[in-house]
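> build me a model from this:
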Amino acid sequence: MRIHGLCVVKNELDVIEQSLQAAAKWCDRIYVLDNGSTDGTWEKVLQLADKLPAVIPYKQDVRPFSDSIRRQILRHYHSEGRSGDWWCVLDADEFCIDDPRQFLRSVPRRYKIVWMEGYNYLFTDKDLAACQVDPNAYNLIPIQRRLRYFRPSEYSEPRFFRHSLGLRGLPSHDDYAVYPCRIRIKHFAYRSPGQIQLRIETRREAMMRGEFLHEKRGNWVPGGVIIPGPAEPDDMPQSWKERVVPSAECHYDAGDLGTCNWTPPPLPAWPVRVGSRVRSIARWVLLSAYGPFVMR
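Numbers count the residues shown, from 1 in each chain. Reported below is the predicted structural model:
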């Protein structure tokens with residue numbers, strides 16, 4: 001079993017080395033596409049590729065982000081996959097809590113997709129106070145030791161999916177059977193005043209196209225409502241200060257995630273999983289009889 005990571009990065013210089021080093025411990029190949037970084041992220045990726053054999057710089061592509069970018073990486077490197085391998089959506093600001101190798105070995109072959117159980121680590125008032133004492137020293141602390149306050153995510157999505165001959169895009173639960181257990185992941189999207197401000201500016205254009213709904217002010221204001229569609233001026237955060245969260249409203253991670261009652265979003269319903277299984281069998285029969293060209 002090998003694990004292939006699909007990694008799209010943009011302006012993640014402060015965390016990219018830590019995340020790729022962590023992922024290289026369990027990922028056999030990490031294919032990296034830079035989506036137009038301006039902070040030196042791509043140059044750092046090229047440096048890391050000299051030290052970490054698992055890191056494979058693919059290319060830079062400055063087109064507006066969409067899932068088709070990850071699909072492009074998958075199709076380019078699909079021939080590297082073998083029976084029994086897994087593909088992974090690998091974000092530069094995420095760190096696995098569970099060892100993916102151990103986790104994936106326990107997944108019965110009838111299941112094709114593994115979803116994530118997320119924990120969002122936030123920049124709190126206490127983090128701001130620590131940062132203001134000495135910003136340079138603060139930013140040198142490894143991210144998993146620096147940020148300890150988190151909230152369980154209300155959102156879940158697929159993170160790992162099995163290799164197959166007909167795989168040409170990121171599958172959904174409509175295509176394959178979903179494993180009922182989830183792999184736990186820490187998410188560090190907001191890490192320092194400078195990084196948060198750059199994140200706001202980086203995502204502004206995409207928000208105006210209707211993407212990154214979770215970045216709208218409505219997702220951060222008590223009682224706020226997120227309205228789907230392109231962001232209006234009032235939806236747009238303007239300053240990193242809007243993303244500072246009261247620590248009293250978060251759980252504290254003392255090394256074991258603390259006490260956290262997490263209610264995950266529902267996985268696809270049973271009839272959907274059964275239907276997915278039937279489609280998987282039909283796909284296997286077609287591939288066996290006619291070859292992979294029928295799936296293109």
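> please count neighbours and contacts with C-alpha atoms only from this point.
Will do.
> distance of Leu48 from Pro142?
Using CA to CA, to the nearest Å, Leu48 is found at 17 Å from Pro142.
> likewise for Asn219?
28 Å.
> looking only at neighbour counts, state which of the two leads.
The neighbour count for Asn219 versus Pro142, taken as other CA atoms under 10 Å, is higher for Asn219 (15 against 12).
> not counting sequence-adjacent ones, nearest residue to that one?
Using CA to CA, 6 or more residues apart in numbering and skipping residues adjacent in sequence, the residue nearest Asn219 is Ile226, 6.0 Å away.
> tell me the secondary structure at that neighbour.
What DSSP: H, G, I helix; E, B strand; the rest coil gives for Ile226 is coil.
> over to Leu48?
Assigned with three-state DSSP, Leu48 falls in the helix class.
> what ranges do the helices span in the stretch 51-200 of the chain?
Secondary structure of the stretch 51-200 of the chain (DSSP state H, counting those that start in this stretch): helices at 67-77, 100-105, 125-133, 135-140, 143-146, 193-208.
> can you list contacts of the third one?
Where contact means CA atoms under 8 Å, 6 or more residues apart in numbering, the residues beyond helix 125-133 that reach it are 138-139, 147, 192, 244-247.
> who's in contact with Pro228?
210, 213.
> any idea how far Pro64 is from it?
According to CA to CA, Pro228 and Pro64 sit 19 Å apart.
> cool, Asn219 as well?
Remark: distance between Asn219 and Pro64 (CA to CA) = 23 Å.
> same check on Tyr138?
Distance from Tyr138 to Pro64, counting by CA to CA: 32 Å.
> these two: who's more crowded?
Tyr138 (17 against 11).
> so what's that one up against?
Tyr138 sits next to 130-131, 146 when contact means CA under 8 Å, 6+ apart.
> which one of these sits closest to Cys88?
Distance to Cys88, by CA to CA, is smallest for Arg146 among the contacts of Tyr138, at 26.1 Å.
> secondary structure element for the residue lying closest to Asp91 once chain neighbours are set aside?
In this structure, Asp91 finds its nearest non-sequential neighbour in Cys7, 5.9 Å apart by CA to CA, 6+ apart. Assessed by DSSP states H and E, Cys7 sits inside strand 3-9.
> I figured Lys44 hits Val15, correct?
No: using CA atoms under 8 Å, Lys44 makes no contact with Val15, being 10.4 Å away.
> of these two, which one has the most company?
Between Lys44 and Val15, counted using other CA under 10 Å, Val15 has the larger neighbour count: 20 against 15.
> phi, psi for the more buried one please.
Torsion angles at Val15 (phi, psi; degrees, to the nearest 10) stand at phi -130, psi -10.
> skipping its backbone neighbours, what lies nearest it in space?
Per CA to CA, 6+ apart, closest to Val15 is Asp93, 6.7 Å.
> how near is that neighbour to Leu165?
From Asp93 over to Leu165 (counting by CA to CA), the distance is 30 Å.
> cool, His214 as well?
35 Å.
> higher neighbour count, the two?
Set His214 next to Leu165 and count neighbours by other CA under 10 Å: Leu165 wins out with 16 against 12.
> hang on, the earlier thing: nearest to Tyr111 among the helices of the stretch 51-200 of the chain would be which one?
helix 100-105 (10.3 Å).
> buried set for the helix or strand encompassing Tyr31?
Using DSSP H and E, Tyr31 sits within strand 29-34. Applying a neighbour-count criterion of 16 or more other CA atoms under 10 Å, the buried positions in strand 29-34 are 29-34.
> what does stretch 227-242 give?
Neighbour-count burial for stretch 227-242, counted by 16+ other CA under 10 Å, picks out 230-231, 235-237, 240.
> swap in stretch 84-99?
Buried residues in stretch 84-99, counted by 16+ other CA under 10 Å: 85-96.
> could I get these as TSV with distance to Pro53?
Converted to TSV, those look like this (distance: CA to CA, whole Å):
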residue	distance to Pro53
Asp85	18
Trp86	18
Trp87	18
Cys88	17
Val89	19
Leu90	17
Asp91	19
Ala92	17
Asp93	20
Glu94	20
Phe95	19
Cys96	20
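> show residues contacting stretch 74-90.
1-8, 158-164, 167-169.
> what residues are up against Tyr31?
Here Tyr31 is in contact with 4-7, 55-58, 73 (CA under 8 Å, 6+ apart).
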